[in-house]
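> Take this sequence and fold it.
(2 chains)
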Amino acid sequence: MPDSAPSAAKTPRVRFAPSPTGFLHVGSARTFIFNWLYARHNHGTMVLRLDDTDLERNTEASVQSIFEGLRWLGLDWDEEYKQSSRLDLHRRQAEAIFAKGLAYRDFTPAHAGDDNQSSAQGAWLFNPGMREMSREESDRRAASGEPFALRYRVPRDQGRNLSFTDGVYGEQSKPADEVEDFALLRSDSFPTYHLASCADDADLGITHIIRGQDHLTNTFKHLLIFEGLGVQPPQFAHLPLLVAPDGAKLSKRKHGAVVSVTTYRDAGFLPQAFVNFLCLLGWSPKDDREFLSLDELTAAFTLEGVNRANAVINFTDADPFDPKAVWLNAEHIRALPVDELAPLLGPFFSRGGFETTPEKVLAVTPLIRERIKLLRDAVSAADFFFLPQLAPYDPAELIPQKGDAAMALRVLQHALEVLPAINFDHDSLDQALRAAASHMGLKAGQAFQPIRVAVCGRKNAPPLFETMAVLGRDVCLARIRQAEASLQSLAV
RNA sequence: GUCCCCGUCGUCUAGCCCGGCCUAGGACACCGCCCUUUCACGGCGAUAACACGGGUUCAAAUCCCGUCGGGGACGCCA
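Numbers count the residues shown, from 1 in each chain, chains lettered A, B, ... in the order given. Here you go, the predicted structure:
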């Protein structure tokens, strides 16, 4: 087993430890990203550890979906572990703590229902009669097969104070006697999260634990476990929570698919844009930069830049994505070279049922790059390039501003005369159609609109000449003829 | 209930530690104007915040106290 000790060198070892009980959600993704950034910024090691000690709730599907999400983010890790295959270590460690007298057996039957007794009437500290039970009686009852949980014997006499310096929240301390005798082993002998997590962190030589602020108060228990293990506790840094617009912690149950990383991927977010966005939630480079590449993020990332207040991630039923995330995505799309963007667009067209070729998509990409915010927008922005037959549209759309059907008809008929004779490239089309406009005494805008609608099937479209060049002469002529016909039927 | 954390434009944030340069900066969104063959991009501009109340100080977003508000943790879940 890689018992790789932290070694004398001070290179940090950080870990991301998701529990596979659902899809990878955005809060977890951000925790992963911050750990990754910290590791890479400091030339340290990134450890991925599946905290899968909850047999009832773990599923293989969820393991897959977490890996899927992580892979999409495009951030790597250096070592990988699974808690479920390290149970022996956990039990040994619990045993060691027990042997030191720092834990005791609790024979109180496990709570059946989910109604907990501690919430209403103050803090529960331990079950009477168990903490003080003699070792002889404890051994005897254990030997007779009576089930028990192993609890930490939290020091509560000498006015101990537990304290640590959080990398984000600063000095934290709490009297030890306010901490309850938390469980280390359950009565089925499986380790609890607290034990498994700390035992692994100690064994894996984790130097910095960067995790959500919901663990801030749990840290005091973890301090005790590290002490029981006889090791120096790692550095802690807690991240402000990501919260929903209503202020509550993001949850899979309450908020559904909008908190799943794959939802962003499927909608056509670029992983680098998504990472960029998540970084801006609770962290800032403090120099007004917002559009940052992965390298820039890595270079700029420090724990000092992390905020303490929770960050709202905006979404509604109608619009599941935070407008700033969408904006950043559009920025990253525009920053991408055409030959890198085009292959990313292809799958969205295929999924939309369009027949495409990589060459055609490549030709279309520069025309829509500035017009899409999500990759999936490409489909609606460029459908007419791939449609063999334009969807029916209102012929009235063909009529230009301050014009009438007759004017539109004239423009189209003139185009039909001019187009067969010229080259179908941008400059030739530009020249020919502008000349046609002035010949008819029309403004360029007036003359182009009927053609644009005829060729694209709608008013809003990419620039006309480039579009026609990509479409090709045959398609353009056919569509203009069709428009001419529909206009004539309108006039009747 | 107990303990802990947080509180600058609607949202993400800079400034706070080391008071004065803050008539509080940037960004998104929204609105307006410009550019322009439509849309988009781009440019310019407008609206918009120091939770509240007390101190300390010549001076407070920045320091102290309190109030209120929000969040989190209190499991043989993680």
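> burial of the residue of the stretch 1-150 of chain A found nearest RNA strand B, as a residue count?
Using CB to the nearest atom of the strand, residue A:19 is the residue of the stretch 1-150 of chain A that sits closest to RNA strand B, at 2.9 Å. C-beta here means a position set from N, CA and C on the backbone, and glycine is covered the same way. Number of residues near residue A:19 (other CB atoms under 10 Å) recorded here: 18.
> dump the residue contacts of it.
Residues touching residue A:19, when contacts are defined by CB atoms under 8 Å, 6 or more residues apart in numbering, comprise A:50-54, A:57-58, A:193.
> again, but for residue A:346
With contacts taken as CB under 8 Å, 6+ apart, residue A:346 has the following neighbours: A:356, A:358, A:361.
> Quick one: which of the residues you listed has the lowest pLDDT value?
Per-residue confidence over the contacts of residue A:346 reaches its minimum at residue A:356, where pLDDT is 94.
> wouldn't that one be in contact with residue A:343 here?
No. Residue A:356 sits out of contact with residue A:343 when judged by CB atoms under 8 Å, with a separation of 11.3 Å.
> The helix or strand of chain A with the lowest mean pLDDT close to RNA strand B?
With mean pLDDT, DSSP states H and E as the measure, the helix or strand of chain A carrying the lowest mean pLDDT is helix A:252-255 (a mean of 83). No. Residues of helix A:252-255 are not located near RNA strand B by CB under 7 Å from any atom of the strand, the shortest gap being 9.5 Å.
> Return the set of buried residues in the helix or strand that comes right after that helix.
Remark: after helix A:252-255, the chain's next helix or strand is helix A:261-267, criterion DSSP states H and E. Residues of helix A:261-267 classed as buried by neighbour count (16 or more other CB atoms under 10 Å): A:261, A:263-267.
> I'd like to know how many residues surround residue A:423.
Here the neighbour count serves as a burial measure; for residue A:423 (other CB under 10 Å) it reads 12.
> just checking, it is part of a strand?
No. Counting by DSSP: H, G, I helix; E, B strand; the rest coil, residue A:423 is not part of a strand but coil.
> Can you give me the pLDDT of it?
In this prediction, residue A:423 has a pLDDT value of 95.
> Could you measure from it over to residue A:473?
Taking CB to CB, to the nearest Å as the measure, residue A:423 and residue A:473 are separated by 9 Å.
> and the gap between residue A:257 and RNA strand B?
19 Å (CB to the nearest atom of the strand, to the nearest Å).
> Spatially, what comes nearest to that residue if we skip its sequence neighbours?
Leaving aside its chain neighbours, residue A:257 sits nearest to residue A:263 (4.9 Å; criterion: CB to CB, 6 or more residues apart in numbering).
> Just the helices from the stretch 251-400 of chain A, written as ranges.
Shown for the stretch 251-400 of chain A, the helices assigned by DSSP state H, counting those that start in this stretch span residues A:252-255, A:261-267, A:271-279, A:294-300, A:323-335, A:338-351, A:358-368, A:377-386.
> circling back: what kind of secondary structure is the residue of the stretch 1-150 of chain A closest to RNA strand B in?
Residue A:19 carries the three-state label coil when classified by three-state DSSP.
> got the contact list for residue A:168?
Taking CB under 8 Å, 6+ apart as the contact definition, residue A:168 lies against A:237-240, A:303, A:306-308.
> follow-up on the earlier one: most neighbours among the contacts of residue A:346, which one?
Ranked by neighbour count (other CB under 10 Å), those have residue A:361 at the top, with 24 neighbours.
> so what's that residue up against?
Listed by CB under 8 Å, 6+ apart, the contact partners of residue A:361 are A:342-343, A:345-346, A:349.
> Pull out the buried residues from the residues you listed.
In the contacts of residue A:361, burial by neighbour count holds for A:342, A:345-346, A:349, counting by 16+ other CB under 10 Å.
> sorry, back to before: near RNA strand B, from the buried residues of helix A:261-267?
Restricting those to contacts with RNA strand B (CB under 7 Å from any atom of the strand) yields no residues.
> Turn those into a markdown table, including distance to residue A:144 and pLDDT.
As requested, those are exported to a markdown table (distance: CB to CB, whole Å; pLDDT from 0 to 100):
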| residue | distance to residue A:144 | pLDDT |
| --- | --- | --- |
| A:261 | 50 | 96 |
| A:263 | 53 | 95 |
| A:264 | 55 | 97 |
| A:265 | 55 | 97 |
| A:266 | 56 | 96 |
| A:267 | 59 | 96 |
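> near RNA strand B, anything from the helix or strand where residue A:414 lies?
Secondary structure assigned from DSSP H and E places residue A:414 in helix A:405-418. No. Applying CB under 7 Å from any atom of the strand, one finds helix A:405-418 separated from RNA strand B by no less than 12.3 Å.
> who does that helix touch, helix- and strand-wise?
helix A:426-440, helix A:444-456, helix A:473-491 (3 or more CB pairs under 8 Å, 6 or more residues apart in numbering; DSSP states H and E).
> And those helices, which one averages the lowest pLDDT?
helix A:473-491 (a mean of 91).
> Farthest-apart pair in the contacts of residue A:361, please.
Across the contacts of residue A:361, no pair lies farther apart than A:343 and A:349, at 11.3 Å, counting by CB to CB.
> Nearest residue to residue A:408 in space, please, no chain neighbours.
Nearest-residue entry for residue A:408: residue A:450, 4.2 Å, with adjacent residues in sequence omitted and distances by CB to CB, 6+ apart.
> tell me, how many neighbours does that neighbour end up with?
For residue A:450, the tally of surrounding residues (other CB under 10 Å) stands at 28.
> How about the one 3 residues further on?
Using other CB under 10 Å, residue A:453 has 26 other residues around it.
> residues touching it, list them.
With contact taken as CB under 8 Å, 6+ apart, residue A:453 is in contact with A:393, A:397-398, A:459, A:483.
> Of the residues you listed, which are in range of RNA strand B?
Of the residues in these, proximity to RNA strand B by CB under 7 Å from any atom of the strand holds for residue A:459.
> Now render the contacts of residue A:453 as a markdown table, adding neighbour count and distance to residue A:284.
A markdown table is the format used below for the contacts of residue A:453 (neighbours: other CB atoms under 10 Å; distance: CB to CB, whole Å):
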| residue | neighbour count | distance to residue A:284 |
| --- | --- | --- |
| A:393 | 16 | 47 |
| A:397 | 17 | 46 |
| A:398 | 26 | 51 |
| A:459 | 11 | 41 |
| A:483 | 27 | 52 |
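> Farthest-apart pair in the contacts of residue A:453, please.
Across the contacts of residue A:453, no pair lies farther apart than A:459 and A:483, at 12.9 Å, counting by CB to CB.
> and residue A:378, how far is that from RNA strand B?
If you go by CB to the nearest atom of the strand, the gap between residue A:378 and RNA strand B works out to 12 Å.
> Now do the phi/psi pair for residue A:234.
Residue A:234 adopts backbone torsions of phi -70, psi 180, taken as degrees, to the nearest 10.
> closest to residue A:43 among the contacts of residue A:453?
residue A:459 (54.4 Å).
> Next one: the closest one from residue A:354, what distance?
The spacing between residue A:459 and residue A:354, counted by CB to CB, is 22 Å.
> again with residue A:128
Taking CB to CB as the measure, residue A:128 falls 71 Å from residue A:354.
> And those two? Which one has more around it.
Taking other CB under 10 Å, residue A:128 and residue A:354 do not tie; residue A:354 has more neighbours (17 against 8).
> In this structure that one contacts residue A:384, no?
No. With contact defined as CB under 8 Å, residue A:354 does not count as touching residue A:384 (10.5 Å).
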